[in-house]
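Enquirer: got a structure for you, letters missing:
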Ligand code: SF4
């Protein structure tokens, strides 16, 4: 078991290393709290932030947390958990193999374990169905269809691609997306696992924690109400800054845009909000918003959690309610549940105001 295996735990080689080391999974979940904790974090961060969180310093903890995370994801009775978890593992793998491929194209760093493109292609038996061309890559139609089938944007439809004698042209970035998909399929293989009771009982606590996070997030899916006065302080602050025409750093812009998309604003409505900003570029705003909404990307992004907002310095003026929640969307949900609050949707106010004005004029 080495750092390379911990970096790419889904590889057959990593699985073999764990087997060779004679690891007993039941003994690990019973006695190695750090492994269970990192495993819980992998699943929980995937659910909240669509990432697996920073790796543990210990190679053993990092590597063993992967099979334990798959067990935990299997024990939570909700397919969304497994979906987000497998997506987040694949996204982390992509980030890593992109780094390694870049190293491969330049000078490989001495002593750092890296994964080259050919090895990854062989891992998924893709080496004979992908070939490099002067402009990028080509993949056979059958392999292309297999891995692009679940990619949402219409650009992946075969009818939109250049085909040449059974080979589909793809760019380097597209090949990486297809490899990411192959990783996701690998992580997903066999899930949900059938977990013996003796292991399930020991994992009661992390599973309950994830279920409670899920409950908190689940509420947000129903939101389609826009009442800025009830936004959490961080989002009110970012919205004010947008409307005052300030330039926002990428992470802040992502936070407010994804929040607005998550609570039900359309791309046109979000673009309208940014229009008041002097640095506004309609095309870029529309592109970013469609990307966040999952219209032009494989993923529909969720606004960052409080932990991420804090890490980026975007958590501003937290109040008492902030102590009780872990996600800005949960804050907003609680505020919306408050019977006393004015729930007039922002989008209806203008209509209501002009109707009132007309009524007043008639009187
Ligand atoms: S604690 Fe969370 S909801 Fe409250 S201001 Fe900070 S990031 Fe926003």
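Expert: Noted; the coordinates are in hand. Keep in mind it's a predicted model, so treat the numbers as computed, not measured.
Enquirer: which bits of the chain sit near the ligand?
Expert: Proximity of the chain to the ligand, by CB under 6 Å from any ligand atom, involves residues 232-234, 306, 309, 315, 318, 322, 328, 331. C-beta here means a position set from N, CA and C on the backbone, and glycine is covered the same way.
Enquirer: If you rank the residues you listed by neighbours, which is first?
Expert: The most crowded member of these is residue 328, carrying 30 neighbours; neighbours defined as other CB atoms under 10 Å.
Enquirer: Distance of that one relative to residue 78?
Expert: 22 Å (CB to CB, to the nearest Å).
Enquirer: about what we covered before: narrow the residues of the chain next to the ligand to those in helices?
Expert: Of these, the ones assigned to helices by DSSP state H are 233-234, 306, 309, 328, 331.
Enquirer: follow-up on the earlier one: which of the residues of the chain next to the ligand sits closest to residue 180?
Expert: Set against residue 180, the nearest of these by CB to CB is residue 309 (26.2 Å).
Enquirer: May I have the secondary structure class of residue 169?
Expert: strand (DSSP: H, G, I helix; E, B strand; the rest coil).
Enquirer: Chain neighbours aside, what residue packs nearest to the residue of the stretch 1-150 of the chain found nearest the ligand?
Expert: At 11.7 Å from the ligand, residue 48 is the closest residue in the stretch 1-150 of the chain, using CB to the nearest ligand atom. Sequence neighbours aside, residue 305 is the residue nearest to residue 48 in space, at 4.4 Å (criterion: CB to CB, 6 or more residues apart in numbering).
Enquirer: Can you give me the neighbour number for the one you found?
Expert: 22.
Enquirer: Hmm, it is touching residue 326, no?
Expert: Yes: Residue 305 lies in contact with residue 326 (CB atoms under 8 Å); the separation is 6.0 Å.
Enquirer: list the residues that contact both of the two?
Expert: Counting by CB atoms under 8 Å, 6 or more residues apart in numbering, the common neighbours of residue 305 and residue 326 are residue 48.
Enquirer: ok, and what's touching stretch 41-53?
Expert: 65-66, 69, 72-73, 76, 80-81, 84-85, 87-89, 91-92, 206, 209-210, 213-214, 217, 299, 301-302, 304-305, 307-308, 326-327.
Enquirer: for stretch 255-266, same thing?
Expert: So stretch 255-266 is contacted by 220, 223-226, 231, 234-235, 238-239, 242, 248, 267, 269-270, 273, 288-289, 292-293, 301-304, 309, 312, 314, 328-329, 332 (CB under 8 Å, 6+ apart).
Enquirer: List buried residues within those.
Expert: 220, 225-226, 231, 234-235, 238-239, 242, 248, 267, 270, 273, 288-289, 292-293, 301-304, 309, 314, 328-329, 332 (16 or more other CB atoms under 10 Å).
Enquirer: Much appreciated, bye for now.
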